[in-house]
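Student: Sharing a model that was predicted from the sequence below.
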Amino acid sequence: MNEILRKRVLAEGVVEFDIDAPLVARKRKAGQFIVLRINEQGERIPLTIADAWPRKGIIRIVFQVVGKTTEHLATLGEGDSLQDVVGPLGKPTHIERFGTVVCIGGGIGIAPIYPIAKALKGARNGVISIIGARTKELLIMEKEMARTSHQLLISTDDGSYGHHGFVTDVLKNLIDSGTSIDQVFAVGPVIMMKMICKLTRTHDLPTIVSLNPIMVDATGMCGACRVEVGGETKFACVDGPEFDGHRVNFDGLIKRQRMYLDQEKVSWEAYHKGKQEEHSRLGE
Amino acid sequence: MSESPNAIFSSLEINVDRLMEPLKKKKEKIPRQRIPGQNPEDRIHNFNEVPYGFTPEVAILEATRCIMCKKPKCVDGCPVEIDIPAFIKLIQEGDFLGAARKIKEDNALPAICGRVCPQEDQCELVCVLGIKGEPVAIGALERFAADYERNTGRVEVPEIAPPTGKRVAVVGSGPAGLTVAGELAKKGHQVTIFEALHKTGGVLVYGIPEFRLPKSIVQAEVDYVKSMGVQIKTNAVIGKIQTVNDLLKNGYHAVFLGTGAGLPYFMNIPGENLNGVYSANEYLTRSNLMKAYLFPQYDTPIARSRRVAVIGGGNVAMDSARTALRLGAEEVQIVYRRSRKEMPARIEEIERAEEEGIIFNLLTNPKRMLGNEEGWVTGMECLKMELGEPDSSGRRRPVPIPGSEFMMEADTVVVAIGNGPNPLVPNTTPGLKTSKWGNILADQDTARTSKRRVWAGGDIVLGAATVILAMGEGKKAARSIHAYLMGKK
Ligand SMILES: Cc1cc2nc3c(=O)[nH]c(=O)nc-3n(C[C@H](O)[C@H](O)[C@H](O)COP(=O)(O)OP(=O)(O)OC[C@H]3O[C@@H](n4cnc5c(N)ncnc54)[C@H](O)[C@@H]3O)c2cc1C
Ligand SMILES: Cc1cc2nc3c(=O)[nH]c(=O)nc-3n(C[C@H](O)[C@H](O)[C@H](O)COP(=O)(O)OP(=O)(O)OC[C@H]3O[C@@H](n4cnc5c(N)ncnc54)[C@H](O)[C@@H]3O)c2cc1C
Ligand code: SF4
Ligand code: SF4
Ligand code: FES
């Protein structure tokens, strides 16, 4: 169980795993995620189910190396197994025939927006997707996104590919050009989602965002993942992770995501020190 | 002094005659035996268990205090009606394994109950010796017998009835679920437990700290249940991976819901979502289940605090406060809105907390939490309270004293004001009736719910209660499930 069947490096520091998880593959819907633990000492971390093949019993995750756990995860390879995989967690995306939808994915946010776009296309929406990255080399899943969108727009912060600028700029151009839009979905760095919502609010465009607060159990038992939506406290793991972006307190989320910065550094350093020692031992 | 019971048992040739000496003395002269343990100065720096437990000599001495009542009151006080004089008699005779087996006829988890049962409100409350002096230390004796059995490695697998071909799904692996599973496995049914977390045991593993209930003991009890043929599927969130209806459709003849009271309540006051403000569930889960106290050897972090305020007066609050101390806090305060007398925590735990230097701010209630620019909590504005008329719970209602606001500094706040039922299973199970608080409604005698082939028990039905009550519910449900399974062809 939980064996990594296939590994691909999509960009520097971005890795895709296909994992053997038959029950999860059968049940999961767009917008849902898993929690995994690498080993007995490991932290529980949430990752979106980017795709699934129910008949083969496979789920796909795409993750970016940002700290100790994701870095360790990236060192695993085909044939390795994860200690724990729990899911599918969170509420599925509300899918209906909205009309024209815009799906926006920024950076690693492209991985979670992909299943949403795919489900929306399946529900016969007109799908316009906007994906962006810092630079061309970091842009992931372009082919998949092209396949699942009627129109795919691309931006890079440094102009190395597609539009020079942010995904917000592309969305703004789209709105200004008079495209009629019925619904927006946006997943990416919190600051990106905040800027998108600022823009769509002025145009009265309903916008769903997927939030990524720090989680522990992800079953509604601890409240670590609480976020403020419309002045109320919600548990993102069970009430979300998707919410009405116009009601989310993004600044609060940004602060809560930074709660363990010091210890994350300690953890990362300890991991590297351990690896170095291992290296020098093997070198002797 | 810190010699473990393990070492004592293996190194000691028990000379029963010598141990029986005290019996010949006059019984009433023997005082209630104290359980030795780590002293407060040492124990606040480690997560090891606080009391060591009785040695065989002391256990026998304590057992001889029991006057073997013909109509033992103590048994009425025990929710699972353990034959207390019978097991104490076996301890008197030095037959510790016999005592353990005697207890296990009625209670499958004696090492746990002996440690965490609120004995002072149950068996020991009504022990006749308590009228004039001090009751028999029933809990400590129960713990002793169970530890002896486990440490000598002579735990017997009970007799299992021939397979009935019936399959039962148990949702949740807390004391309620484990009890149902064990009881039904003994009757020859094929039982599978589905547990949402990666470890088995419910609150026993994620909530109650190591220094009060070592996790190796929970593991031993879980292994015991497994040894009866019970299958355990961890990482299985029912309502997500499979619904109750899926289970009923996929070949399970009956389903038991023991999902506990795992939804943390917050106070809904300003500032509660600041960094450093935890629910007790999160704080304890990080420390116990994820072993954050061993960070960075274990990956999960937890706030390393200087001044901690814990809001609440129950066991959960005491556990959080004592955990904070062990994680290195310089000052830990309990903030409780009633007086010490109304505190729901066990007296023993309150006393231990006091010994460890935890400060009790009674008749105090937070009004709001304050933070700095980074969004970290820096303190709370509190109000002094006084006790007014009794409320619906029968306790005098705390009323704020106007103008009594004061500031309390804290860089970590743990909210331990209670837990409600997790709505995941009720929300995904059509036909399952709940109370207005979200607890599953179940028949008092049979634990049957409003849905056919579905039973429920433990905290999900009772609201946050106790280990032994959850087990009692489990036994009741097992009896009813067994009758149902056998009645049906
Ligand atoms: C519902 C959800 C879906 C997600 N999907 C994806 C995805 O598909 N791909 C992807 O790359 N990332 C995803 N993430 C983010 C991912 O969980 C974090 O990047 C990961 O936990 C970082 O762990 P680390 O030990 O490598 O880094 P750390 O150094 O521990 O942390 C780096 C940052 O990640 C965040 N983080 C840390 N621990 C947790 C935790 N237990 N839970 C959530 N966030 C945490 C914090 O903001 C932290 O500052 C998702 C998060 C959520 C909540
Ligand atoms: C910190 C703390 C200290 C306590 N101290 C004491 C004490 O000293 N003495 C005492 O007698 N009692 C004490 N209690 C209370 C006691 O622990 C509980 O009453 C008891 O554990 C309830 O047992 P249960 O089996 O009903 O539920 P739980 O122990 O809560 O177990 C429920 C299990 O079900 C799982 N679950 C929930 N939903 C799902 C789902 N959808 N799918 C699969 N699994 C699911 C949970 O993960 C959990 O493992 C304490 C409680 C806490 C929190
Ligand atoms: S189970 Fe609890 S109440 Fe019953 S005898 Fe043991 S300690 Fe007392
Ligand atoms: S009531 Fe007390 S003295 Fe009497 S049998 Fe029970 S434990 Fe012994
Ligand atoms: S992660 Fe624990 S409640 Fe959401």
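Tutor: Received, thanks. Ligands and ions are numbered 1, 2, ... in the order given.

Student: give me the residue from the stretch 51-200 of chain A nearest ligand 4.
Tutor: Using Cβ to the nearest ligand atom, the closest approach of the stretch 51-200 of chain A to ligand 4 is made by residue A:84 at 44.6 Å. To be clear about C-beta, it is placed using only N, CA and C from the backbone, and glycine gets the same treatment.

Student: What is the burial count for the closest residue to that residue other than its chain neighbours?
Tutor: Once flanking residues are discounted, residue A:84 sits nearest to residue A:37: 4.0 Å by Cβ to Cβ, 6 or more residues apart in numbering or on different chains. A count of neighbours around residue A:37, defined by other Cβ atoms under 10 Å in any protein chain shown, yields 22.

Student: Equivalent analysis for residue A:174, please.
Tutor: 16.

Student: Which residues does the longest strand seen in chain B contact?
Tutor: Longest strand in chain B, counting residues (DSSP state E): strand B:377-390. Strand B:377-390 is touched from outside by B:271, B:274-277, B:309, B:335, B:337-339, B:361, B:363-372, B:396-401, B:404-413, with contacts defined as Cβ atoms under 8 Å, 6 or more residues apart in numbering or on different chains.

Student: Just the buried residues of the worst-scoring helix or strand of chain A on mean pLDDT, please?
Tutor: Least confident helix or strand, chain A: helix A:261-283 with a mean of 83, by mean pLDDT, DSSP states H and E. Across helix A:261-283, burial judged by 16 or more other Cβ atoms under 10 Å in any protein chain shown covers A:263-264, A:267-268, A:271.

Student: Report the secondary structure state of residue 145.
Tutor: If you meant another chain, say so; for now it's chain A. Remark: residue A:145 carries the secondary structure label helix [criterion: DSSP: H, G, I helix; E, B strand; the rest coil].

Student: and it, what is it in contact with?
Tutor: Contacts for residue A:145 (Cβ under 8 Å, 6+ apart) come out as A:105, A:110, A:113-114, A:117, A:129, A:131, A:152.

Student: where does the chain dip in pLDDT?
Tutor: Answering for chain A, as no chain was given. Confidence mapping of chain A against pLDDT under 70 gives the ranges A:282-284.

Student: was after chain B, sorry
Tutor: Checking chain B against pLDDT under 70 turns up B:1-28, B:488-489.

Student: Now do the strands in the stretch 151-300 of chain B.
Tutor: For the stretch 151-300 of chain B, the strands defined by DSSP state E, counting those that start in this stretch occupy B:167-171, B:190-194, B:231-233, B:254-257, B:263-264, B:277-279.

Student: er, the stretch 151-284 of chain A actually
Tutor: A:151-156, A:163-164, A:183-187, A:207-210, A:226-229, A:232-235, A:242-244.

Student: next one: stretch A:13-24 to chain centre, how far?
Tutor: 14 Å (Cα atoms, centre = their mean, to the nearest Å).

Student: Quick one: residues contacting the residue of chain A found nearest ligand 1.
Tutor: Ranking the residues of chain A by distance to ligand 1 (Cβ to the nearest ligand atom) places residue A:67 first, at 1.9 Å. Residues in contact with residue A:67 (Cβ under 8 Å, 6+ apart) are A:264, A:267-268.

Student: which bits of chain A sit near ligand 5?
Tutor: With Cβ under 6 Å from any ligand atom as the criterion, chain A meets ligand 5 at residues A:215-218, A:220-225, A:235, A:237.

Student: Tabulate the residues you listed (JSON lines), appending distance to ligand 3.
Tutor: Listed next are these as JSON lines, based on distance: Cβ to the nearest ligand atom, whole Å:
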{"residue": "A:215", "distance to ligand 3": "36"}
{"residue": "A:216", "distance to ligand 3": "31"}
{"residue": "A:217", "distance to ligand 3": "29"}
{"residue": "A:218", "distance to ligand 3": "34"}
{"residue": "A:220", "distance to ligand 3": "30"}
{"residue": "A:221", "distance to ligand 3": "26"}
{"residue": "A:222", "distance to ligand 3": "28"}
{"residue": "A:223", "distance to ligand 3": "31"}
{"residue": "A:224", "distance to ligand 3": "33"}
{"residue": "A:225", "distance to ligand 3": "36"}
{"residue": "A:235", "distance to ligand 3": "34"}
{"residue": "A:237", "distance to ligand 3": "35"}
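
Student: Include distance to residue B:148 when you put these into a markdown table, please.
Tutor: Shown next, in a markdown table, are the residues of chain A next to ligand 5 (distance: Cβ to Cβ, whole Å):
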| residue | distance to residue B:148 |
| --- | --- |
| A:215 | 42 |
| A:216 | 37 |
| A:217 | 35 |
| A:218 | 40 |
| A:220 | 40 |
| A:221 | 35 |
| A:222 | 36 |
| A:223 | 40 |
| A:224 | 40 |
| A:225 | 44 |
| A:235 | 44 |
| A:237 | 43 |
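
Student: one step back: out of the contacts of residue A:67, the closest to chain B would be?
Tutor: residue A:267 (4.8 Å; Cβ to the nearest Cβ).
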